[in-house]
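> Build me a structure from this.
(one chain, ligands or ions: 1)
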Amino acid sequence: MEILRTIDAMRSYSSTLRQSGKTIAFVPTMGFLHKGHLSLMKKGRELADRVVVSIFVNPIQFGPSEDLAAYPRDEARDLEMADKTGVDAVFIPDATQMYPDGFQTTIALNALPGHLCGLSRPGHFDGVATVVAKLLGIVWPNMAIFGEKDYQQLLVVRQMVKDLDLDVDIVGAPIVREADGLAMSSRNMYLADDQRKAACSLYRVLTESKKRVKAGETRADTIIASAEALIQAYPETRIDYIAVCDPSTLDAVTAIDGPVLMALAVKVGRARLIDNMLLTP
Ligand code: AMP
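I've put the predicted structure just below:
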């Protein structure tokens, strides 16, 4: 597996491959890899000749009071996991290469960030769109793979690629969960043992809601009220949002008469957890 630490090295790796007609699948990550990340890499192996992973904790997508400094990092472990998963190259730039002095361009979306996580994380999705656009320019992949765990991020990236006419396919991949249902996340390491049960309430809420909608419940406010009660039964939780929304625009839905996205963000101790599920009547 190649380890590429400069933009020039990454570019020359990709252009050699592209000139020889090979296809590249790209998996952007912030590292501290887990099985969710590995599932994206495996998908990349199925879909393309080569898989490139980036590891970059992108400073411009963190707010001033968020966990940029504390974000977990373990490069040696990440490289071993990527290698074992059959990744061909890992791109690990540093922040001064990505954002040198004088950097001044931001990609800002008008509508999608006005929902869900965008409301409590102002500027977050512009930071995501900007770094993804840069990474796509540097890595020059045929396709890029993103997890549905970060559903809103996936929509933002798809929209940005469409709006800017970027020549890359955006592929979504399903959420990978722990045995108890908790969606895998690098931030799960912030959870103390006794917070784990509270963290699992997110998945319980989603599966309960899915059952109720399938059984005929059509009122989003009823679904949301039960979800709130279930989560608030754990005193260590603080709900950021629980939403039932249109899966493509993220606009709130009141009457459920087709597939809807249920999405939630809940703080459990230091960890801000997100999860989502499609509910179908
Ligand atoms: P991150 O390192 O958290 O920025 O995530 C990098 C990529 O992995 C994003 O596309 C995420 O959506 C995806 N991802 C993170 N956790 C999971 C999971 N549990 N299942 C599937 N994809 C995931």
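> Just the buried positions in stretch 221-239, please.
By neighbour count on 16 or more other CB atoms under 10 Å, the buried set for stretch 221-239 is 223-224, 226-227, 230-231, 237. No exception for glycine: its C-beta is placed from N, CA and C like everyone else's.
> Distance to residue 213, secondary structure and pLDDT for those residues - can I get that in CSV?
As requested, the buried residues of stretch 221-239 are exported to CSV (distance: CB to CB, whole Å; DSSP: H, G, I helix; E, B strand; the rest coil; pLDDT from 0 to 100):
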residue, distance to residue 213, secondary structure, pLDDT
223, 7, helix, 98
224, 12, helix, 98
226, 11, helix, 98
227, 12, helix, 98
230, 15, helix, 97
231, 18, helix, 98
237, 23, strand, 98
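> Now do the contacts for residue 15.
By CB atoms under 8 Å, 6 or more residues apart in numbering, the contact set of residue 15 is residue 140.
> same deal with the one 10 residues further on?
Contacts here follow CB under 8 Å, 6+ apart; on that basis residue 25 touches 43-45, 47-48, 50-52, 141-145, 171.
> ok, now residue 192?
residue 269.
> do you know how far the nearest residue to residue 68 once chain neighbours are set aside is from residue 240?
Leaving aside its chain neighbours, residue 68 sits nearest to residue 62 (4.0 Å; criterion: CB to CB, 6 or more residues apart in numbering). Look at residue 62 and residue 240: by CB to CB, to the nearest Å, they are 16 Å apart.
> With residue 6 instead?
Distance from residue 6 to residue 240, by CB to CB: 38 Å.
> Can you tell me which residues in the stretch 101-250 of the chain are near the ligand?
Residues of the stretch 101-250 of the chain lying close to the ligand by CB under 6 Å from any ligand atom are 146-147, 149-150, 173, 175-176, 183-186.
> Among these, which ones are in strands?
When those are checked against strands (DSSP state E), the matches are 146-147, 173.
> Save these as CSV, and put in distance to residue 119 and pLDDT too.
As requested, those are exported to CSV (distance: CB to CB, whole Å; pLDDT from 0 to 100):
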residue, distance to residue 119, pLDDT
146, 21, 99
147, 21, 98
173, 26, 98
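> which among those residues end up buried?
146-147, 173.
> before we move on, the earlier item: check whether the residue nearest to residue 68 really touches residue 128, as I assumed.
No. Assessed by CB atoms under 8 Å, residue 62 is found out of contact with residue 128, at 10.6 Å.
> Of the two, which one has the most company?
Taking neighbours as other CB atoms under 10 Å, residue 62 and residue 128 compare with residue 128 leading, 24 against 18.
> helix or strand for that one, which one?
Element membership of residue 128, judged by DSSP states H and E, is helix 124-139.
> Identify the residues contacting that helix?
7, 10-11, 14, 24, 26, 28, 52, 54, 56, 58, 60-63, 91, 93, 98, 105-109, 112-113, 117-118, 144, 152-153, 156-157, 160-161, 164, 166, 168.
> Recalculate using a threshold of 7 Å.
Helix 124-139 is contacted by residues 7, 10-11, 14, 26, 28, 52, 54, 58, 60-61, 63, 91, 98, 106-109, 112-113, 117-118, 144, 153, 156-157, 160, 164, 166, 168 when judged by CB atoms under 7 Å, 6 or more residues apart in numbering.
> Helices along the chain, start to end?
7-19, 35-47, 75-84, 95-98, 116-120, 124-139, 151-163, 196-214, 220-232 (DSSP state H).
> Let me have those helices in a markdown table, adding distance to residue 278 as columns.
Listed next are the helices of the chain as a markdown table, based on distance: least, CB to CB, whole Å:
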| stretch | distance to residue 278 |
| --- | --- |
| helix 7-19 | 34 |
| helix 35-47 | 18 |
| helix 75-84 | 29 |
| helix 95-98 | 34 |
| helix 116-120 | 15 |
| helix 124-139 | 21 |
| helix 151-163 | 9 |
| helix 196-214 | 8 |
| helix 220-232 | 13 |
